[in-house]
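# next come a sequence and a model predicted from it.
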Amino acid sequence: MASLMPLKDKKLMEVKFGKMPSWILMQNFTCNGIVGAFQRGSDPYYKYSHVQKGSILGINMMLAAYVVFSYCISYKELKHEQQVPLKGQWRALHT
């Protein structure tokens, strides 16, 4: 039996691979939507990982998520900042 739930309201694991691009485009990417997604995700994290709220492990996990998220956003700029060695320097770097 087909699901009567609209595609927008489905969870990530319920979405079929072919419908993924349209599901992503339907999500709320405003500041309130992103904060709401983090709030919805933090409750199950604390429930199933047995970490007390406000403990150092929970704060470190949120900090690690922030670092990964900010790296993903700035990856394109970081990639262009890499220096390409000149012809003579290439051999010196790899010997």
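Everything's here; your move.
# same for the longest helix seen in the chain, what does it pack against?
What stands out as the longest helix in the chain, according to DSSP state H, is helix 56-81. If contacts are counted by 3 or more Cβ pairs under 8 Å, 6 or more residues apart in numbering; DSSP states H and E, helix 56-81 sits against helix 31-49. Every C-beta, even on glycine, is put in place using the N, C-alpha and C of the backbone.
# by how many degrees do the helix it packs on and helix 56-81 diverge?
130 degrees (axes from the mean of the first three to the mean of the last three Cα atoms, to 10 degrees).
# output the contacting helices and strands for helix 31-49.
Against helix 31-49 (3+ Cβ pairs under 8 Å, 6+ apart) you get helix 56-81.
# what about L7, neighbour count?
13 (other Cβ atoms under 10 Å).
# spatially, what comes nearest to it if we skip its sequence neighbours?
Computed as Cβ to Cβ, 6 or more residues apart in numbering, the closest residue to L7 that is not its neighbour in sequence is W23, at 5.7 Å.
# so what's that neighbour up against?
Counting by Cβ atoms under 8 Å, 6 or more residues apart in numbering, W23 touches L7, K8, K10, L12, V15.
# quick one, phi/psi of the first one?
This points to L7. phi -60, psi -40 (degrees, to the nearest 10).
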